[in-house]
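Novice: Below are the sequence and a predicted model; questions follow.
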Amino acid sequence: MNPLEALGLALGAGFSSGLNLYATVATLGLLERFGVIHLPASLEVVSHPIVLGIAVALYLVEFFADKVPYLDTIWDAAHTFVRPPAAAIIAYGAAGAISPHWRWAAALLAGGVALTAHGTKASARAAVNTVPEPFSNWALSFGEDLLAVWLTWFTAAHPIAAIIIVVALLVLCAFLLHYLFRFVRATLAKL
(Lines give C-alpha, C1' and ligand atoms only; values in the text may rest on other atoms or scores of the structure.)
Protein backbone atom coordinates (compact mmCIF):
# COMPACT_ATOMS: atom_id res chain seq x y z
CA MET A 1 0.00 0.00 0.00
CA ASN A 2 1.44 3.37 -0.99
CA PRO A 3 1.11 6.51 1.17
CA LEU A 4 -1.76 7.89 -0.94
CA GLU A 5 -3.81 4.71 -0.54
CA ALA A 6 -3.03 4.71 3.19
CA LEU A 7 -4.23 8.32 3.35
CA GLY A 8 -7.48 7.37 1.61
CA LEU A 9 -8.05 4.44 3.95
CA ALA A 10 -7.23 6.60 6.98
CA LEU A 11 -9.61 9.37 5.91
CA GLY A 12 -12.47 7.06 4.95
CA ALA A 13 -12.21 4.80 7.97
CA GLY A 14 -11.75 7.83 10.19
CA PHE A 15 -14.88 9.55 8.93
CA SER A 16 -17.03 6.42 9.05
CA SER A 17 -15.69 5.59 12.54
CA GLY A 18 -16.75 9.05 13.66
CA LEU A 19 -20.28 8.22 12.57
CA ASN A 20 -20.48 4.62 13.75
CA LEU A 21 -17.32 2.86 14.92
CA TYR A 22 -18.91 -0.56 15.35
CA ALA A 23 -20.45 -0.54 11.87
CA THR A 24 -17.05 0.41 10.46
CA VAL A 25 -15.21 -2.41 12.23
CA ALA A 26 -17.94 -4.94 11.41
CA THR A 27 -18.00 -3.89 7.75
CA LEU A 28 -14.21 -4.10 7.41
CA GLY A 29 -14.21 -7.48 9.14
CA LEU A 30 -17.02 -8.93 7.05
CA LEU A 31 -15.55 -7.65 3.79
CA GLU A 32 -12.20 -9.24 4.67
CA ARG A 33 -13.78 -12.46 5.95
CA PHE A 34 -15.75 -13.02 2.75
CA GLY A 35 -12.85 -12.05 0.50
CA VAL A 36 -14.47 -8.95 -0.96
CA ILE A 37 -11.42 -6.89 -0.01
CA HIS A 38 -7.97 -7.67 1.31
CA LEU A 39 -6.92 -5.55 4.24
CA PRO A 40 -3.30 -4.97 5.22
CA ALA A 41 -1.96 -7.80 7.39
CA SER A 42 -1.92 -5.62 10.50
CA LEU A 43 -5.67 -4.95 10.12
CA GLU A 44 -6.81 -8.48 9.28
CA VAL A 45 -7.57 -9.03 12.97
CA VAL A 46 -10.94 -7.30 12.45
CA SER A 47 -12.10 -10.39 10.53
CA HIS A 48 -11.49 -12.71 13.50
CA PRO A 49 -14.83 -14.21 14.70
CA ILE A 50 -14.44 -12.82 18.23
CA VAL A 51 -13.75 -9.28 16.99
CA LEU A 52 -16.57 -9.55 14.46
CA GLY A 53 -19.00 -10.86 17.08
CA ILE A 54 -18.23 -8.03 19.49
CA ALA A 55 -18.42 -5.41 16.72
CA VAL A 56 -21.80 -6.71 15.51
CA ALA A 57 -23.17 -6.96 19.07
CA LEU A 58 -22.07 -3.40 19.88
CA TYR A 59 -23.44 -2.21 16.55
CA LEU A 60 -26.84 -3.64 17.48
CA VAL A 61 -26.72 -1.87 20.86
CA GLU A 62 -25.79 1.38 19.12
CA PHE A 63 -28.47 0.83 16.46
CA PHE A 64 -31.20 0.82 19.09
CA ALA A 65 -29.65 3.43 21.39
CA ASP A 66 -29.30 5.77 18.43
CA LYS A 67 -33.04 5.73 17.76
CA VAL A 68 -34.08 7.00 21.21
CA PRO A 69 -33.98 10.80 21.57
CA TYR A 70 -31.66 12.02 24.35
CA LEU A 71 -30.30 8.50 24.89
CA ASP A 72 -28.49 9.00 21.59
CA THR A 73 -26.99 12.22 22.96
CA ILE A 74 -25.71 10.42 26.06
CA TRP A 75 -24.36 7.62 23.85
CA ASP A 76 -22.60 10.14 21.60
CA ALA A 77 -21.14 11.98 24.59
CA ALA A 78 -19.62 8.76 25.91
CA HIS A 79 -18.31 7.84 22.46
CA THR A 80 -16.46 11.13 22.12
CA PHE A 81 -13.69 9.33 23.99
CA VAL A 82 -14.00 6.10 21.97
CA ARG A 83 -14.49 6.91 18.27
CA PRO A 84 -11.50 9.21 17.53
CA PRO A 85 -8.87 7.03 19.28
CA ALA A 86 -10.31 3.90 17.68
CA ALA A 87 -10.21 5.57 14.26
CA ALA A 88 -6.56 6.42 14.87
CA ILE A 89 -5.83 2.78 15.77
CA ILE A 90 -7.60 1.54 12.63
CA ALA A 91 -5.63 3.97 10.47
CA TYR A 92 -2.36 3.00 12.14
CA GLY A 93 -3.12 -0.64 11.42
CA ALA A 94 -4.22 0.08 7.87
CA ALA A 95 -0.94 1.84 7.15
CA GLY A 96 1.10 -1.07 8.49
CA ALA A 97 3.11 -1.63 5.32
CA ILE A 98 4.46 1.92 5.01
CA SER A 99 7.07 3.84 6.96
CA PRO A 100 6.43 4.71 10.63
CA HIS A 101 6.16 8.45 10.08
CA TRP A 102 3.38 7.91 7.52
CA ARG A 103 1.64 5.50 9.89
CA TRP A 104 1.60 8.13 12.63
CA ALA A 105 0.45 10.79 10.19
CA ALA A 106 -2.40 8.54 9.06
CA ALA A 107 -3.38 7.82 12.67
CA LEU A 108 -3.40 11.48 13.67
CA LEU A 109 -5.31 12.48 10.57
CA ALA A 110 -7.91 9.72 11.04
CA GLY A 111 -8.41 10.70 14.68
CA GLY A 112 -9.01 14.32 13.68
CA VAL A 113 -11.38 13.36 10.87
CA ALA A 114 -13.28 11.03 13.21
CA LEU A 115 -13.58 13.80 15.81
CA THR A 116 -14.94 16.17 13.16
CA ALA A 117 -17.47 13.61 11.88
CA HIS A 118 -18.44 12.64 15.42
CA GLY A 119 -18.78 16.27 16.55
CA THR A 120 -20.99 17.11 13.59
CA LYS A 121 -23.11 14.02 14.14
CA ALA A 122 -23.52 14.64 17.87
CA SER A 123 -24.34 18.34 17.35
CA ALA A 124 -26.87 17.64 14.62
CA ARG A 125 -28.53 14.89 16.65
CA ALA A 126 -28.74 17.13 19.73
CA ALA A 127 -30.42 19.81 17.60
CA VAL A 128 -32.85 17.28 16.11
CA ASN A 129 -33.75 16.05 19.61
CA THR A 130 -35.44 19.42 20.20
CA VAL A 131 -38.04 18.49 17.56
CA PRO A 132 -40.94 16.59 19.18
CA GLU A 133 -41.51 14.01 16.42
CA PRO A 134 -39.19 10.98 16.29
CA PHE A 135 -39.00 10.52 12.52
CA SER A 136 -36.21 13.02 11.83
CA ASN A 137 -34.10 11.38 14.54
CA TRP A 138 -34.69 7.94 13.02
CA ALA A 139 -34.01 9.20 9.47
CA LEU A 140 -30.69 10.73 10.56
CA SER A 141 -29.74 7.56 12.41
CA PHE A 142 -30.48 5.28 9.44
CA GLY A 143 -28.66 7.70 7.13
CA GLU A 144 -25.58 7.73 9.37
CA ASP A 145 -25.52 3.94 9.53
CA LEU A 146 -25.85 3.61 5.75
CA LEU A 147 -23.17 6.25 5.14
CA ALA A 148 -20.78 4.56 7.59
CA VAL A 149 -21.19 1.14 5.95
CA TRP A 150 -21.06 2.47 2.38
CA LEU A 151 -18.08 4.73 3.04
CA THR A 152 -16.19 1.90 4.73
CA TRP A 153 -16.75 -0.37 1.74
CA PHE A 154 -15.94 2.40 -0.76
CA THR A 155 -12.78 3.36 1.10
CA ALA A 156 -11.54 -0.21 1.23
CA ALA A 157 -12.29 -0.75 -2.46
CA HIS A 158 -11.24 2.69 -3.78
CA PRO A 159 -8.99 4.40 -1.21
CA ILE A 160 -7.74 7.15 -3.52
CA ALA A 161 -11.22 8.16 -4.71
CA ALA A 162 -12.35 8.15 -1.08
CA ILE A 163 -10.05 11.10 -0.40
CA ILE A 164 -12.24 13.32 -2.59
CA ILE A 165 -15.45 12.10 -0.97
CA VAL A 166 -14.13 12.57 2.57
CA VAL A 167 -12.86 16.07 1.78
CA ALA A 168 -16.34 16.93 0.44
CA LEU A 169 -17.92 15.45 3.59
CA LEU A 170 -15.55 17.50 5.77
CA VAL A 171 -16.59 20.67 3.91
CA LEU A 172 -20.22 19.71 4.54
CA CYS A 173 -19.39 19.18 8.24
CA ALA A 174 -17.83 22.64 8.45
CA PHE A 175 -20.94 24.12 6.84
CA LEU A 176 -23.29 22.25 9.18
CA LEU A 177 -21.27 23.10 12.28
CA HIS A 178 -21.25 26.78 11.31
CA TYR A 179 -25.04 26.85 11.08
CA LEU A 180 -25.55 24.71 14.17
CA PHE A 181 -23.40 27.09 16.23
CA ARG A 182 -25.33 30.07 14.83
CA PHE A 183 -28.58 28.30 15.81
CA VAL A 184 -27.30 27.68 19.34
CA ARG A 185 -26.09 31.26 19.69
CA ALA A 186 -29.46 32.62 18.51
CA THR A 187 -31.33 30.30 20.87
CA LEU A 188 -29.19 31.34 23.82
CA ALA A 189 -29.67 35.02 22.93
CA LYS A 190 -33.45 34.54 23.07
CA LEU A 191 -33.18 33.04 26.56
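Specialist: Nice, thanks for sending it over.
Novice: CA only for contacts and neighbour counts going forward, please
Specialist: Fine.
Novice: for whatever helix or strand Thr187 lives in, packing partners?
Specialist: Per DSSP states H and E, Thr187 falls inside helix 159-190. In this structure, helix 159-190 packs against helix 3-33, helix 100-128, helix 135-157, with contacts taken as 3 or more Cα pairs under 8 Å, 6 or more residues apart in numbering; DSSP states H and E.
Novice: Ranking those helices by mean neighbour count, which comes first?
Specialist: Highest mean neighbour count among these (mean count of other Cα atoms under 10 Å): helix 3-33, with a mean of 27.
Novice: what's the angle between it and helix 135-157?
Specialist: 110 degrees (axes from the mean of the first three to the mean of the last three Cα atoms, to 10 degrees).
Novice: Helix 3-33 to helix 159-190, inter-axis angle?
Specialist: 90 degrees.
Novice: Please state the offset of helix 3-33 from the chain centre?
Specialist: 8 Å (Cα atoms, centre = their mean, to the nearest Å).
Novice: gap between Ala57 and Val45?
Specialist: 17 Å (Cα to Cα, to the nearest Å).
Novice: Which of the two has more residues huddled nearby?
Specialist: Val45 (18 against 14; other Cα atoms under 10 Å).
Novice: Hmm, the more buried one is touching His38, no?
Specialist: No: Val45 is beyond contact range of His38, at 11.8 Å (criterion: Cα atoms under 8 Å).
Novice: quick one: buried residues of stretch 84-102?
Specialist: Neighbour counts using 16 or more other Cα atoms under 10 Å place 84-97, 102 of stretch 84-102 among the buried residues.
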